[in-house]
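Peer 1: Predicted structure and sequence below. I'll ask about it afterward.
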Amino acid sequence: MSTDAPKLSPVEGIKEGSQYLKGTIGQELHEDSDHFNKDNLQLLKFHGTYQQDDRDKRAELKKTGGGKAYSMMMRCRIPGGRLTSDQLLAHLDLCDELGNSTLKITTRQTFQLHGVVKDDLKAAIARVNAVGLSTLAACGDVNRNIMCCPAKRTGPLHNTIQQLADELTVALAPQTPAYHELWLTDDETGEKELVGGGPGEVVEPLYGPRYLPRKFKIGIALPDDNCIDIYTQDLGFLAVVRDGEVIGYNVSVGGGMGTTPSASKTFPALAKRMAFVTPDQAVDVAKAVIKVQRDYGNREDRKVARLKYLIANWGIEKFRRAVEEYYGGPLQDLTDDDVTDFDDHMGWQEQGDGKWSYGLNIENGRLYDNDQRQLKAGLRAVCQRFKPEIRLTGHQSIIFCDFDEDQRDELIQILRDHKIVTTEDTSTVRRWSIACVALPTCGLAITESERRLPGIIDGLEQPLAKLGLDKERFTLRMTGCPNGCARPYNADLALVGKAKNKYTLFAGGGWLGNRLAFIYKDLVPDAEVVDELVAIFAAFKANRQGDESLGEFCTRVGQEDLAGLAAAAPKP
Ligand code: SRM
Ligand code: SF4
């Protein structure tokens with residue numbers, strides 16, 4: 001027998017032996033324990049939930065021998081971030097009744113609930129489904145929540161791309177009956193047999209019994225509005241517009257942010273532009289791309305299992321040929337259309353039907369109530385009064401739709417009554433910033449992120465104003481580790497947690513999202529971050545050419561000169 005057979009990653013065996021994601025989750029749900037065991041943790045991700053523990057409490061509990069403070073994070077799937085007021089209200093109720101009383105709008109236009117105890121998990125998932133949403137495939141080695149420009153507009157453009165998001169969501173959803181049977185049916189014993197997945201039965205025609213080698217992400221954008229960061233997606237559809245109609249899409253493949261600095265085989269990558277597809281080809285081409293990754297993606301080493309590594313190994317031409325083979329015919333070449341702008345959809349915008357939408361900037365996407373600010377109560381009041389359609393953005397914020405001209409003042413008044421800072425009162429730097437969850441729930445966090453960024457921005461606002469740069473648009477993104485959940489590696493500026501209280505500073509990406517940033521300085525202590533950033537702003541002010549953006553300036557001068565200019569520039 002050959003000894004050369006590749007050794008598959010242990011997760012492959014767990015998936016294959018799980019009877020299509022069932023595992024022994026049902027039994028464990030009935031066990032008297034506050035947490036799940038190892039193998040089921042991998043499977044639970046496909047059902048939209050992660051086991052976590054409160055890292056703020058770890059040290060204390062260790063001292064007292066109290067184990068870990070376990071709870072579950074639950075992520076929803078909301079294609080293109082479009083939902084109803086009732087669905088938002090249901091999530092607000094859920095976080096109060098079964099979660100940690102906060103709700104997080106994620107960087108992929110959906111919600112996460114934290115702090116759900118194991119005993120409440122089934123009820124929480126059932127309640128999400130009861131309002132017409134799902135957690136299936138919110139996480140796991142499958143296609144995740146599909147991002148799409150969330151703006152509400154009359155006319156065919158937004159409707160066409162939002163419809164594609166819905167079609168892809170349905171076409172690429174896992175078919176396993178395990179989700180329904182585990183979470184949506186009564187089973188007092190946990191022993192009920194699943195109806196699907198018997199011998200010889202094809203349960204997952206697209207994914208197969210091992211699903212994909214790794215997570216998979218899709219985004220759909222318009223050229224003049226790259227608000228979903230198309231080049232960070234495994235698969236991107238950029239609409240090609242002629243005479244006000246979408247005539248097809250330029251397809252890009254192999255974007256991804258995650259990297260492990262100690263493993264040089266890993267890297268962040270922007271997606272490569274591959275081919276043009278007509279609207280009726282889009283779903284089948286998406287399936288073909290997924291099948292190529294399913295059959296040729298790396299299943300031995302999860303660190304290099306994302307689509308970007310297959311494309312780096314093969315080159316884009318070979319990859320395109322494989323996609324064409326699975327699709328069943330040649331694809332057309334790309335058009336020249338590419339991204340040209342990014343609208344964050346904040347503030348008042350006309351929808352084109354005489355109505356208005358209002359984008360409210362939510363700092364780092366966290367909804368909570370405290371003495372200073374009542375975001376949850378304010379959102380509840382808005383939903384109860386107006387029942388607006390809701391849209392979530394890829395910058396962790398929220399859009400209320402369908403306001404008449406004469407309702408606008410009342411909406412703003414409700415927000416102010418709840419001490420919510422309106423978009424108009426939010427500084428440009430804060431508005432264009434995002435941060436990942438990190439501590440205390442994320443098991444992979446090395447540093448703070450979401451809890452730290454507001455304080456860092458407090459320190460930047462005055463210096464930016466003194467330099468006359470307070471209206472300057474640049475993206476500032478922060479993550480608590482190099483996995484890149486707030487897409488830091490193509491931002492104008494980014495802070496990435498590298499060691500305890502130390503960050504890698506990245507510069508030179510841009511709000512358009514089509515350029516990778518470079519490492520400006522590594523292992524910068526938390527206490528020095530604000531000064532380092534202010535020095536970059538001062539260098540930009542003193543040396544900017546024409547109307548170049550912050551990211552363009554940093555790229556033009558490069559790492560070494562930027563450090564010199566930053567040291568020399570007069571500080572505000
Ligand atoms: Fe992420 C893992 C949170 C968007 C790249 N991400 C995680 C986990 C589940 C940690 C874990 O594996 O134990 C985090 C849960 C934290 C918590 O306490 O809730 C987590 N990721 C998030 C969210 C909530 C960040 C946020 O604050 O909004 C985002 C949820 C999106 C969603 O609704 O689906 C989130 N994650 C992203 C993005 C951005 C995107 O998709 O547009 C990326 C970079 C793009 C990409 O995928 O390359 C991203 N997350 C990762 C990675 C690195 C993947 C890689 O290829 O190396 C991991 C770790 C992993 O998969 O091994 C990760
Ligand atoms: Fe956690 Fe790292 Fe993702 Fe932040 S970037 S949520 S710290 S995995």
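Peer 2: Okay, I see it. Just so it is clear, the structure is predicted and the values come from calculations on it, not from any experiment. Ligands and ions are numbered 1, 2, ... in the order given.

Peer 1: switch to C-alpha atoms for all contacts and neighbour counts from now on
Peer 2: Noted.

Peer 1: tally of neighbours for residue 27?
Peer 2: 15 (other CA atoms under 10 Å).

Peer 1: Residue 334 too?
Peer 2: Neighbours around residue 334, by other CA under 10 Å: 17.

Peer 1: One more: residue 417?
Peer 2: Counted with other CA under 10 Å, the neighbours of residue 417 add up to 12.

Peer 1: ok, and the closest non-adjacent residue to it?
Peer 2: residue 378 (7.8 Å; CA to CA, 6 or more residues apart in numbering).

Peer 1: Point out the residues in the stretch 101-250 of the chain that sit beside ligand 1.
Peer 2: Contacts of the stretch 101-250 of the chain with ligand 1, taken as CA under 6 Å from any ligand atom, map to 106-110, 138, 145.

Peer 1: Please repeat the previous calculation with a cut-off of 8 Å.
Peer 2: 104-114, 138-139, 144-145, 214-217, 228-229, 232-234 (CA under 8 Å from any ligand atom).

Peer 1: out of the residues you listed, which are buried?
Peer 2: Listed as buried from those are 104-114, 138-139, 144-145, 214-217, 228-229, 232-234; burial here means 16 or more other CA atoms under 10 Å.

Peer 1: mind listing which of those are in strands?
Peer 2: Taking DSSP state E, the ones among those that sit in strands are 104-105, 111-114.

Peer 1: Identify the residue of the stretch 251-400 of the chain closest to ligand 2, quick one.
Peer 2: residue 258 (8.3 Å; CA to the nearest ligand atom).

Peer 1: And for that residue, the neighbour number?
Peer 2: As a burial measure, residue 258 scores 21 neighbours (other CA under 10 Å).

Peer 1: What sits closest to residue 481 if chain neighbours are left out?
Peer 2: residue 497 (4.4 Å).

Peer 1: Pick out the most distant pair among the ones in strands among the buried ones among the residues of the stretch 101-250 of the chain next to ligand 1.
Peer 2: 105 and 114 (11.6 Å; CA to CA).

Peer 1: Quickly check: the helix or strand where residue 282 lies near ligand 1 or not.
Peer 2: Per DSSP states H and E: residue 282 is located in helix 282-296. No - contact of helix 282-296 with ligand 1 (CA under 8 Å from any ligand atom) is absent, the minimum separation being 13.7 Å.

Peer 1: just checking, what packs against that helix?
Peer 2: helix 156-171, helix 307-314, helix 316-327 (3 or more CA pairs under 8 Å, 6 or more residues apart in numbering; DSSP states H and E).

Peer 1: Report the buried residues of the helix or strand following the longest one.
Peer 2: By that I understand helix 156-171. Toward the C-terminal end, the helix or strand that comes next after helix 156-171 (DSSP H and E) is helix 178-183. For helix 178-183, a neighbour-count test (16+ other CA under 10 Å) marks 178-179, 181-183 as buried.

Peer 1: And for stretch 91-99?
Peer 2: For stretch 91-99, using 16+ other CA under 10 Å, the buried residues are 91-96, 98-99.
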